[in-house]
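Novice: sharing a model that was predicted from the sequence below.
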Amino acid sequence: MKKVILTVVEGSCRSGYHKTGDTFVFSDICPPVCAELWHNAYPYVFALQNGAELDDGSGRSKEFTVKCPDGGRVVLRGKLSEE
């Protein structure tokens, strides 16, 4: 299964779960990401693992950015691993 690298690019998590620079590798088991943030990220992760290219505003890429639904306190960047 294709891997997706998830990196916290901004982090001021109210619960202290995520900090800027945290990195997770997702292949087939859910990474230790809070449920609300994972709920936003998973559709993009699934799409990338299945060959999609996503609209990034200036074109298509195999990357995405999502924000925590708690006021955008955490910003997560995902990209398809080249491995």
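Specialist: Yep, that arrived. Numbers count the residues shown, from 1 in each chain.
Novice: if you count neighbours, what's buried in stretch 49-56?
Specialist: Residues of stretch 49-56 classed as buried by neighbour count (16 or more other CB atoms under 10 Å): Gln49, Leu54. Every residue, glycine included, has its C-beta placed from N, CA and C.
Novice: off-centre distance for the helix or strand bottoming out on mean pLDDT in the chain?
Specialist: Within the chain, no helix or strand scores below strand 54-55, which has a mean of 89 by mean pLDDT, DSSP states H and E. Between the centre of strand 54-55 and the centre of its chain there are 14 Å (CA atoms, centre = their mean, to the nearest Å).
Novice: wait, is Ala41 part of a strand?
Specialist: No - counting by DSSP: H, G, I helix; E, B strand; the rest coil, Ala41 is not part of a strand but helix.
Novice: quickly list what the residue nearest to it when sequence neighbours are not counted is bridged to.
Specialist: Using CB to CB, 6 or more residues apart in numbering and skipping residues adjacent in sequence, the residue nearest Ala41 is Val66, 4.9 Å away. In this entry, Val66 is beta-bridged to Leu76, by DSSP bridges.
Novice: next one: Val4
Specialist: The partner residues for Val4, given DSSP bridges, come to Phe26, Leu80.
Novice: was I right about it contacting Asp28?
Specialist: No - using CB atoms under 8 Å, Val4 is not in contact with Asp28, being 10.7 Å away.
Novice: of the two, who's got more company?
Specialist: Val4 (24 against 8; other CB atoms under 10 Å).
Novice: what are the boundaries of the strands in the chain?
Specialist: For the chain, the strands defined by DSSP state E cover 4-11, 23-26, 54-55, 60-61, 63-67, 74-80.
Novice: tell me which of the ones you listed sits most buried.
Specialist: Highest mean neighbour count of those: strand 74-80, a mean of 21 (counted as mean count of other CB atoms under 10 Å).
Novice: so which elements touch it?
Specialist: Counting contacts by 3 or more CB pairs under 8 Å, 6 or more residues apart in numbering; DSSP states H and E, strand 74-80 packs against strand 4-11, helix 35-49, strand 63-67.
Novice: residue contacts, the closest residue to Pro31 other than its chain neighbours?
Specialist: Leaving aside its chain neighbours, Pro31 sits nearest to Phe24 (3.7 Å; criterion: CB to CB, 6+ apart). Contacts for Phe24 (CB atoms under 8 Å, 6 or more residues apart in numbering) come out as Ile5, Leu6, Thr7, Pro31, Pro32, Val33.
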